[in-house]
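Enquirer: with the input below, show me the fold.
(one chain, ligands or ions: 1)
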Amino acid sequence: MRILVIEDERKVASLIASGLTEQGWAVEVCGNGDDGLRIATNENFDALVLDIMLPGRDGLSLLRKLRAQHSPVPVILLSARGDVNERVEGLEIGADDYLPKPFSVIELVARLRAIIRRRTGDSLTVLTLADLSLNLHQRTVTRGDKQIELTSREFALLETFLSSPGRVLSRTFLSQKIWGYQFDPETNVIDVAVRRLRGKIDEGFSPKLIQTVRGVGYSIAAE
Ligand code: CA
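Expert: Predicted structure coming up:
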């Protein structure tokens with residue numbers, strides 16, 4: 001399990017982080033809303049713990065933005081205020097659960113397990129970046145509201161990219177991973193395949209996701 005905790009109160013954040021780490025989960029902590037949105041958009045997590053009052057973008061606005069990008073990641077909201085309207089708003093814009101402060105980390109863990117379980121077979125099989133999502137179970141790809149048809153090789157290529165967002169993947173790595181063997185360095189098979197994939201998932205969309213790293217290979221990133 002990989003959990004992103006977006007919480008600016010250091011004491012609370014480190015309490016949560018140590019509690020989740022004890023479960024054997026990998027935890028990333030971020031202290032403001034703008035960075036939180038960037039990390040949540042560019043990386044894959046099994047769940048988000050999201051504080052509402054944050055410097056930069058607040059938690060509700062961050063969540064609204066994530067859901068507008070069709071991110072299916074389960075989200076549990078934290079709030080200092082036990083405000084019913086805020087709770088209702090959070091759930092309406094796509095939070096999976098809500099925990100008023102102060103809370104016990106044991107309860108947070110139990111609720112995280114519950115929302116992750118609810119989304120299993122759904123979010124855990126979906127890789128996303130910005131408004132692009134790839135469903136490993138249904139073998140479907142969408143960008144925004146548009147369904148995109150890929151060949152099985154293009155699908156494998158996109159799955160490889162989305163499994164390591166931001167990482168530069170060399171032509172050697174891609175040819176071994178997707179085609180199962182090493183092409184002659186002079187060949188442009190990989191470039192042609194990437195160009196076709198790019199034509200399908202990037203053309204007519206913004207931002208462009210597949211980036212060329214001159215002389216090395218390619219990476220996928222939202223900026
Ligand atoms: Ca806060």
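
Enquirer: buried stuff in stretch 96-109?
Expert: Buried residues in stretch 96-109, counted by 16 or more other Cβ atoms under 10 Å: 96, 97, 98, 99, 105, 108, 109. C-betas here are computed from N, CA, C, even on glycine.

Enquirer: would you format those residues as a markdown table with pLDDT and secondary structure included?
Expert: Conversion of the buried residues of stretch 96-109 to a markdown table gives the following (pLDDT from 0 to 100; DSSP: H, G, I helix; E, B strand; the rest coil):
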| residue | pLDDT | secondary structure |
| --- | --- | --- |
| 96 | 92 | coil |
| 97 | 91 | strand |
| 98 | 91 | strand |
| 99 | 92 | strand |
| 105 | 93 | helix |
| 108 | 95 | helix |
| 109 | 92 | helix |
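
Enquirer: show me where pLDDT drops low in the protein?
Expert: Flagging of the chain using pLDDT under 70 yields the residue ranges 81-82, 120-124, 185.

Enquirer: please, where are all the helices along it?
Expert: 10-22, 33-42, 59-68, 84-92, 105-119, 152-163, 171-174, 189-201 (DSSP state H).

Enquirer: and stretch 180-189, how far out from the chain middle?
Expert: Remark: stretch 180-189 is offset 31 Å from the chain centroid, using Cα atoms, centre = their mean, to the nearest Å.

Enquirer: follow-up on the earlier one: tabulate the buried residues of stretch 96-109 (JSON lines), appending distance to residue 26.
Expert: Listed next are those as JSON lines, based on distance: Cβ to Cβ, whole Å:
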{"residue": "96", "distance to residue 26": "20"}
{"residue": "97", "distance to residue 26": "20"}
{"residue": "98", "distance to residue 26": "24"}
{"residue": "99", "distance to residue 26": "21"}
{"residue": "105", "distance to residue 26": "16"}
{"residue": "108", "distance to residue 26": "16"}
{"residue": "109", "distance to residue 26": "14"}
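
Enquirer: pull the number of nearby residues for the closest residue to residue 143 other than its chain neighbours.
Expert: Excluding its sequence neighbours, the residue lying closest to residue 143 (Cβ to Cβ, 6 or more residues apart in numbering) is residue 132, at 4.9 Å. For residue 132, the count of nearby residues is 23 (other Cβ atoms under 10 Å).
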